[in-house]
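> Here is the input, now give the coordinates:
(chains A, B and C)
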Amino acid sequence: MGEEFTPRIVGFLCNWCSYAGADLAGATKQKIPSSLSVIKVMCSGRVEPTLIATAYLRGADGVLLAGCHPGDCHYREGNYYARRRFALLQKTIETLGLEPGRLMLAWVSASEGQRFGEVTNLFAEQIRQMGPSPLKKAFL
Amino acid sequence: MAKKIGVYICECGSNIADNVDLDRIIKTISPMRNVEVIEKYRLLCSEDGKEFLKQSTKDHELTHLVVAACSPKQHEHSFMSVCLAAELNPYLFQMANIREQCAWVTPDKEEATDKAIRQITAALSRVAYQEALEKKDIDVSPDVLVIGGGIAGVRAAQVLAAPDRKVYLVEKSSSLGGKVKGFDKLFTRMESGSALIESELRKVEQDENVEVFTDSEVEQILGFFGNFEIKVIRKATGEQREFNVGAVVLATGFDLMDVKRLPQYGYGKLEDVYTSLEFEEMNVPGGPTGGKILLKNGKPPEFVAIVHCVGREHKGYCSKVCCMYSLKFAGMLKDKLPNVKVSELYSDLCVPGKTYQKFYEETKDSGVEFIRADKTTVTQDGKGITVKYENESGPKGDLAADMVILVPAMEPASDTNKFAEMLGIPVDNEGFLVQEHQKLAPVASSVEGVFVIGCAQGPKNILESIVQSEAAAGKILSALVPGRKLELEVKTSEISETFCTGCKTCISVCPYSAINFDDFRKIAVVNEALCHGCGVCAAACPSGAARVKNFAFTQICQEVEALLK
Amino acid sequence: MENSKNSTSVLVIGAGIAGIESSLLLANAGAKVYLVEKASYFGGNIIKWEEVFPNMECATCMIAPKQQELLQNENVELLTLSEVEAVQGSLGDFTVKVRKKARYVNLDNCIGCNECFQPCPVEVNNEFEEGLSKRKAIYIPCAGALPNAPAIDTDSCLRFKGEDCHLCQEACMFEAIDYTQQDKELELNVGAIVVATGFRTFDLTQVPQYGYKKLNNVYSIVEVERLCASNGPTEGQIVLQNGETPKSAAIIHCVGREEKGYCSYVCCMASIKQAHFLKSKMPELKVSQLYSDLCVPGRVYQRFYEEVKESGVDFIRATVNEVTQQGTGVAIKYKTENGEENTLNVDMLILAPAVEPGTDSARLAGVLAIPQDEHGFFGEKEPDLEAIDTSREGIFIAGCAQSPKDVPDTVAEAEATVGRILSLSRQGS
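Next up is the predicted model:
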């Protein structure tokens, strides 16, 4: 584990808030870790546990789920479901041998470009320190 | 059929070109599966760029298109139009964001290039699994049902009705007009309330496009936006009428809270303690006292106490209009009984309107006493009525009065809850109908096509009720144009009959109540007219039967796999 | 009601939330909308607010989808840097002259990369940020402003003072900067007009006793809102003028109420929200509010007030007698209703100003030939009964242009103008 490793992080961003926030981070030239790759979904509530599990099984070292702040969901309640699923998933991924810190949930609004930068850099550093996902050795 | 995917990379001037190695991207992506052509272009969103894209798509006979450029939020819309112009289904198109989320945020050029390659590969893999989708539309009825014949309902009917749009106005009592009929004067210019409502009613009664039902109840509302099925019953005869409308407006109005629940005010026990509505009734020319302000003993009062905020603390909200109409009462009293002494006991003076403060100051200047009071009680002994109070810093006070007017909190009218349940509209703790969005959708409800206006959704004055009725009309007239079909969301959810087990999980999570249960086939079915495509059902479905078009599991999975290769 | 091309067309003046809402509804009904906005960006006042009461939602996030929809809607022609100069005609047939000032930036070529700002040698106060930060002569007011393209401020740009500076043009990769652009005179034919020109806040220098721009660390509520905003001049950090973090703050309600003679309706709620917002960012901050009457009408506002009060914010019913400087902070001498006199010492004083009609109201009222009321707001035909009609048929008013009000009432009025206009156009046909 002493070698330099480049984390692979998959981010599921909701179309209305967090994706727009990520765009604003770009427009204001924040530095976003290149280890993060983004998938746009219409709502954070779309992201089912199997998708997140697939990400880990395919080699993701970290998964970020980002949506609108509670109360601001474009589809009213979608982000509440995301929040609940996240709470359960954090426990479930432990059974896969993954540390709970490899899954992050963040609320980022369309005007929070700077916050998107803070959240992603924090997460990337966290993952870098944790090292490669234990699943990588097991499955790949 | 073989897939031929075109990949076009926008240089965005130097914005992308300077920050990623475009040639390496092209070299890496070019040999990938299904890639028919991969080219870069200086500025794809320009007129020239779009023309180039269209022509190239046609020339290469592409079956799918990927554009790697700025954020889809910028130009996805216009590139989809390019697809249409090139006779390619616009849903066989995907963008890769290599500007805002790559070139602009990754200082190291090599890393940026790697990232761009990943995002483009993801788009490439995804688009191959996307399906051609067509716009859908449905026939709708432009007609409207208005429930409640008070000022809000009547105004809504007026503004909505037209030769090509019928309005059905249903009122449960025997006549239209609601509460405003009983207001002799309105603040601040002291005009006649009954005259106002009379003129509104005349317009509606003369309008052949409005069908009025009095002494009637709405028995049933089925269906959805654009296609509601209504059943109305005339109470006296039991006669039923059924008709279809496109939208429903709820204008069921208010009642005053039952002041008997607050015994400290003496209502119902002491004589000459009246509610504001009772005082209004007294002043109506054709009313029980012929419009004269009289005590129960037939004599005019000499000392009147008006007690604001009755029930405010109990209910937990401010009823907005009462300070103003209490000032109006003072004016009416002084007008009819020039020597009467009036005291107003209040907690906060609520005068939020550009003419309202002046009205307050004029009332004060006319000799009306204003006392900031708390914990007010109304009692009676041999000498007469005493109003006792405290104020915030403690000292108590009392005053003698021969008439007390209580100003109670406004509540939603009693049958508001029945309609809330019938339609599935949430209500707050007090039973007021809740708007779709507190700020941006003040008259829409969470049920599409059902609008909530007037005091049924919160205490407000006549001006605001009228504005809301016209606002609901605006929303309806904008969405339901006679002769025009309603365009639906394209990327809706659909539920596979094969895999659905009938567990109803999707139905319980859908924020728009857009999923129905088919009792015959025992499966869930999405109503595309209501579906917004959020995907909460797809994520919740334990069998994977619910699937959002172009946001399906297989498609997103392709992105995941490509990003992690 | 229908113009010669046989479709309804409408002029909407002011592209704040009211103008945006009516434009979208009208456009979706098939009407052609000319949305005239005098600033170089649109969204009006509300986009200055990061969080709005009572649910503390992000205003820019709320409005952004509507702004995007508007920019993509083919029926809406957004004319920024534009002002209405003349109006003739009547309901169904108004001829409107609009002066569209040159932006000096070609909107078709500009991609909003912002590279042109850096070389500009001129720096002036950024009005959008209430003077709390600077901008260049070629500028956008804040990150995320729409349309996503800068404008050249001819008052500060060196070229318009005779110098041959072309640094911005040199920095642009897309040939988007065009000094040859000219102001244009447009003539529009419309069936109806909606006036939605919004508000400005009372000039606090008119009440020097509160110390605004005289004493240190006295702010207007709008300035504090910009300090709190994550896309603002301090990126959301609440710092005093000397860079330190405040430990205590006081908010004074109703500043300018007496001078103006009316209650501005939204300021109590804005002040309560401000207290909540500040405490959510700095939980240790001690906040006090000085007010005379609490205006929290309706079914949701009082609850918000009570929650904020319970969170430890001190609500004091008092009149303010004197504000003086105490060190870097401020001493507020006040008197409660029972005569008790007291002094409150705080690091930061925030003033909640009255709401006034927009700067251009008098001129516009003259152009439209509609009266103003005694406060300068556009006058309604039937005050206190009808909000949106003016004396001139076919010209409607909505939002704070008519009187101070909150967002829900503003949006409702905007929607009501649409109800009337579409109703008139159908009944006429």
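> Can you show me the helices along the stretch 301-450 of chain B?
With helices called from DSSP state H, counting those that start in this stretch, the stretch 301-450 of chain B shows them at B:312-315, B:322-336, B:356-365, B:416-423.
> can I get the ones you listed in a markdown table with distance to chain A?
For the C-beta atoms, the positions are set from N, CA and C on the backbone; glycine is no exception. Output for the helices of the stretch 301-450 of chain B, formatted as a markdown table (distance: least, Cβ to the nearest Cβ, whole Å):
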| stretch | distance to chain A |
| --- | --- |
| helix B:312-315 | 24 |
| helix B:322-336 | 30 |
| helix B:356-365 | 32 |
| helix B:416-423 | 16 |
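> which of these is buried the deepest?
Of those, the one with the most neighbours on average (mean count of other Cβ atoms under 10 Å in any protein chain shown) is helix B:322-336, at a mean of 22.
> Against which helices or strands is it packed?
Applying 3 or more Cβ pairs under 8 Å, 6 or more residues apart in numbering or on different chains; DSSP states H and E, one finds that helix B:322-336 contacts helix B:276-283, strand B:303-310, strand B:341-346, helix B:356-365, strand B:403-408.
> can you list those in JSON lines and add distance to B:Lys58?
Output for those, formatted as JSON lines (distance: least, Cβ to Cβ, whole Å):
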{"stretch": "helix B:276-283", "distance to B:Lys58": "72"}
{"stretch": "strand B:303-310", "distance to B:Lys58": "72"}
{"stretch": "strand B:341-346", "distance to B:Lys58": "74"}
{"stretch": "helix B:356-365", "distance to B:Lys58": "65"}
{"stretch": "strand B:403-408", "distance to B:Lys58": "72"}
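> Check which helices and strands the lowest-mean-pLDDT helix or strand in chain A is in contact with.
Lowest on mean pLDDT, DSSP states H and E among the helices and strands of chain A sits helix A:134-139, with a mean of 78. When contacts are defined as 3+ Cβ pairs under 8 Å, 6+ apart, helix A:134-139 sits against helix A:49-57.
> Check which residues of the helix it packs on are buried.
A:Leu51, A:Ile52, A:Ala53, A:Thr54, A:Ala55, A:Tyr56, A:Leu57 (16 or more other Cβ atoms under 10 Å in any protein chain shown).
> got a list of what the fourth one touches?
What it means is A:Thr54. Residues near A:Thr54 by Cβ atoms under 8 Å, 6 or more residues apart in numbering or on different chains: B:Cys557, B:Val560, B:Glu561.
> And for C:Lys273?
Going by Cβ under 8 Å, 6+ apart, C:Lys273 touches C:Glu51, C:Val52, C:Phe53, C:Pro54, C:Met56, C:Phe304.
> returning to what we had before: which stretch among the helices of the stretch 301-450 of chain B comes nearest C:Cys61?
C:Cys61 sits nearest to helix B:416-423 of all those, at 28.6 Å, using Cβ to Cβ.
> Which strands or helices does that closest one pack on?
Applying 3+ Cβ pairs under 8 Å, 6+ apart, one finds that helix B:416-423 contacts strand B:216-224, strand B:247-250.
> Could you tell me which other helices and strands the last one packs against?
The one in question is strand B:247-250. Under the contact rule (3+ Cβ pairs under 8 Å, 6+ apart), strand B:247-250 is packed against strand B:144-147, strand B:227-234, helix B:416-423, strand B:450-452, helix B:462-479.
> Just send these back as CSV, with mean pLDDT too.
Formatted as CSV, those follow (pLDDT from 0 to 100):
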stretch, mean pLDDT
strand B:144-147, 98
strand B:227-234, 97
helix B:416-423, 94
strand B:450-452, 98
helix B:462-479, 97
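> In JSON lines, list the ones you listed along with distance to B:Cys541.
Below are the helices and strands packed on strand B:247-250 laid out as JSON lines (distance: least, Cβ to Cβ, whole Å):
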{"stretch": "strand B:144-147", "distance to B:Cys541": "35"}
{"stretch": "strand B:227-234", "distance to B:Cys541": "26"}
{"stretch": "helix B:416-423", "distance to B:Cys541": "26"}
{"stretch": "strand B:450-452", "distance to B:Cys541": "27"}
{"stretch": "helix B:462-479", "distance to B:Cys541": "30"}
